[in-house]
Each structure stands twice: as structure tokens, then as C-alpha cells.
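Undergrad: Predicted model follows, preceded by the sequence.
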Amino acid sequence: MKFGQVEHPEEVDFKLPPVSSDTIKLLNQYKNDQPFEVSVGCAKWNKADLKGFYPRGTKDELVYYSQQFNSVELNATFYNSPSKEQVNTWKEKTPADFKFFPKIPQSISHYSRLLQTDEKVRAFTDAIAFFEEKLGMIFLQMHDNYKPKDIARLEEFLKNFPKGMPLALEVRNEEWFANGEIAQSFYKLLEDHGVTNILVDTAGRRDMLHMRLTTPIAFVRYVGANHPSDYQRLDDWIQVIKQWRAAGLQKLYFFIHQNIEVESPLLATYFIDQLNKEFDLNLRGPHKTTLF
């Protein structure tokens, strides 16, 4: 993941912003005694990217990956909308508790820019529905140059998105965050449609750490800098998640990227260990002796 990459990460202030009071207010509406649902994983299971993660002789990368982690951020669907047969194959290879988080194809988000996409969306969601109980959440990532002037188009897309399909959204253009009035309109739009607002923690775009949740679900895309500070940054996230959970957070979806992806399983394993300790969870993760 090259988005937000910087040449000198040691010069970046990685301190997390304070949690939005609006986020706390929203979460308070959902406070209950339900178990904390947590999914942590990498962006992909491709052997070329995660070189060294798979033991010699591994015959099926997804089978092995899904035995180590409980979820994956499925970026493969961004490049090609999968068939129902492909989705079913992925589903059948994984444990009962495994979750997929597929990205909406670029043919919808980037090429069509949400215009006249009903048939493409229907084909995608009809296939994705075959994940059944293993579908975590679909996510839509807009192009860097998709600006607030097209918010009406976004509203129409969200209004028509198939009901019952959990959806998260990531916007990247700076204009969404630079103006408080625009940002508030955007957050309200997501709240009104029950869409989860994605937070991105990456070195070169600290403005995407808006810390504003729009559902009782936190969907975080964490991009390490292949730098020692990556671990301290994850420790800081534990403190934020504690605050959210105390306020009423129901679910956490946390996916770890690296500019050089080979280190992603190491970071994910560390983070899983911290979550298990802090929240008395039993999330599975690779045993350290199996990594590299």
C-alpha cells in the first residue's frame, strides 16, 4: 500500500488525535453487554507479498492464512468483481469463524465514479452474498480526486445500495476533512444510511484520522511505515479502542498494511497479542516461532 507513504517516517508526528465527542455520543446509544466482536488481519494472502510467512511446501495460501488469522481485507475484488463460484470456493476453504471484507470493484468506484452502476453493484453483491455468514463488511474506497462537490451522487449511491449488505466507506480527497461544515454533512450522511466511516492511519495523510465513527463499528486501515515506531503506534491504538469500547463500541475491524507488505503478519500478530491481553479475548494469530 503506497498511499500516504513518506520518505522519512521518523519526521512524522504519529500521535493520534483525540476521540471526537460526537463519536462518544453516538457510541453511548449502543452501550450494552454484548461480547466484543473483533476482526484483525492483513490486506491479502498472496504469497508473493507475504514472502516468508508461509511454511515451505504450503499448497494453499488461503487455507493456511485463515488458520492463522480470523479475517482478511479482500483487496482482490477491487481489481475484478468475483464470480459466485469464486466466492464459494474462498468460503469453503476457511474456518467457520473466518470473515471476508471485500472491496467494491474499481469499475464502480474509480471508472464509473458511482454513476449508472446499478447493474455492476447488483452483480457484485449477488456474488458476495455467497460468503453468507463469513461476510464481514463490504467497503467502498473512492478515488483521491473524488470531491465533496459530488456528495449528491454519493448520497444516491448509498440510498440505492442493497439493504442488508453491511457497508463501510473511505473518502480520500483532502476537501472532505478540511472544512468542518462539509465534514459534518458527510458524517451525517453516513449515519443516516448506517454506513461505517473508515479511518486510515498512514504517515503522509494524518487528516484521514478524523476519529469520527458513524456506527458502533470501528473500521481501521492501519498502514505501517516499516519503521520501529509502528509498534508504538499500535500501542496507542489500544488506548483509543479502550475508550471506544467503554463508550459502547460493538465491533472492531482492524486491518494492517505495510508499504513493504512482508512485515504485515508481524505487526498483526503483535496487535492481536495486545488486544487479547487488554480485552480478555482469544483471537488467533500466528505463533511467533512460525513467522519468518
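TA: Alright, I've got the coordinates.
Undergrad: what's the distance between the closest residue to C42 other than its chain neighbours and I128?
TA: Once flanking residues are discounted, C42 sits nearest to S264: 4.5 Å by Cβ to Cβ, 6 or more residues apart in numbering. From N, CA and C alone the C-beta is placed, and that goes for glycine too. To I128, S264 is 24 Å away according to Cβ to Cβ, to the nearest Å.
Undergrad: Show me which of the two is the more surrounded one.
TA: Legend: neighbour count by other Cβ atoms under 10 Å for S264 and I128, higher for S264 (25 against 22).
Undergrad: check contacts around the more buried one.
TA: 42-43, 50, 224, 256-258 (Cβ atoms under 8 Å, 6 or more residues apart in numbering).
Undergrad: sorry, back to before: what helix or strand is the residue nearest to C42 on?
TA: helix 264-279 (DSSP states H and E).
Undergrad: for that helix, what is the average pLDDT?
TA: Averaging pLDDT along helix 264-279 yields 95.
Undergrad: could you dump it to PDB, C-alpha only?
TA: Extracted in PDB, the C-alpha atoms of helix 264-279 (Å, rounded to 0.1, in the frame of the first residue of the first chain):
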ATOM      1  CA  SER A 264       2.300  -7.100   7.900                       C
ATOM      2  CA  PRO A 265       1.900 -10.500   9.700                       C
ATOM      3  CA  LEU A 266       4.500  -9.500  12.300                       C
ATOM      4  CA  LEU A 267       2.600  -6.300  13.200                       C
ATOM      5  CA  ALA A 268      -0.800  -8.000  13.100                       C
ATOM      6  CA  THR A 269       0.500 -10.700  15.500                       C
ATOM      7  CA  TYR A 270       1.800  -8.100  17.900                       C
ATOM      8  CA  PHE A 271      -1.500  -6.200  17.800                       C
ATOM      9  CA  ILE A 272      -3.600  -9.400  18.300                       C
ATOM     10  CA  ASP A 273      -1.500 -10.200  21.400                       C
ATOM     11  CA  GLN A 274      -2.200  -6.800  22.900                       C
ATOM     12  CA  LEU A 275      -5.900  -7.000  22.100                       C
ATOM     13  CA  ASN A 276      -6.200 -10.400  23.700                       C
ATOM     14  CA  LYS A 277      -4.500  -9.100  26.900                       C
ATOM     15  CA  GLU A 278      -6.400  -5.900  27.200                       C
ATOM     16  CA  PHE A 279      -9.900  -7.200  26.300                       C
END
